[in-house]
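1. quick one, what's the 3D model for this:
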Amino acid sequence: MTKRKSRRLDHDSWEAGELGLDEAFVKVTDATEAAETDGALELKMISIRLQNHLINKLKLIAKFHGTGYQPLMRDALQRFACDELLRIAEELDKNKKLKHISNALNDADQDLVVSKNTEDMFDKLGI
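-> Modelled structure (predicted):
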């Protein structure tokens, strides 16, 4: 019986560059395969205009992390979108709580007015 390497070891080999860097296996992906990959990953090509200095900064950051600048930008946008949605949800929840507190205070103010009117009425009646 042959012993199979674990999937984790294969992954580590790819990450370490032991696998996948041989130029003999490099090829340009055809349009059909690229479209299938984009579809499977739910990717949509967009066009965005960025300043050259920003692109250069992103390329430096990407190089440090061992990736391309476009995947880095995709990751940064994904993290921003998730964090921003959480921040918005927290703000909406906070506003909802503030509105609830405001309504409760208004109700309490009304209770005070009613209470004061009731006290005045009792005073007039001598109760």
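2. make it CA atoms for all contacts and neighbour counts henceforth
-> Fine.
3. secondary structure class for I46?
-> coil (DSSP: H, G, I helix; E, B strand; the rest coil).
4. could you measure it against R74, distance?
-> I46 is 11 Å from R74, where distance means CA to CA, to the nearest Å.
5. got it, and K63?
-> From K63 to R74 the distance is 15 Å (CA to CA).
6. before we move on, the earlier item: okay, I46 and R74: which has more neighbours?
-> R74 (11 against 5; other CA atoms under 10 Å).
7. secondary structure element holding the more buried one?
-> helix 69-125 (DSSP states H and E).
8. need the contact list for K63.
-> Residues in contact with K63 (CA atoms under 8 Å, 6 or more residues apart in numbering) are Y69.
9. got the phi and psi for D22?
-> For D22, the backbone dihedrals are phi -80, psi 120 (criterion: degrees, to the nearest 10).
10. what separates it from S13, distance-wise?
-> 13 Å.
11. who's more crowded, these two?
-> S13 (13 against 9).
12. secondary structure element for that one?
-> Using DSSP H and E, the element containing S13 is helix 7-16.
13. chain center to the following helix or strand past that helix: distance?
-> Downstream of helix 7-16, the next assigned helix or strand under DSSP H and E is helix 31-40. Mean-position distance between helix 31-40 and its chain equals 25 Å (CA atoms, centre = their mean, to the nearest Å).
14. where does pLDDT dip in the chain?
-> Where the chain drops to pLDDT under 70, the residues are 1-11, 105, 108-127.
15. in it, which residue is closest to the centre?
-> C82 (1.2 Å; CA atoms, centre = their mean).
16. I101 versus that residue, what's the distance?
-> For C82, the distance to I101 - CA to CA - is 28 Å.
17. same check, this time on E36
-> From E36 to I101 the distance is 52 Å (CA to CA).
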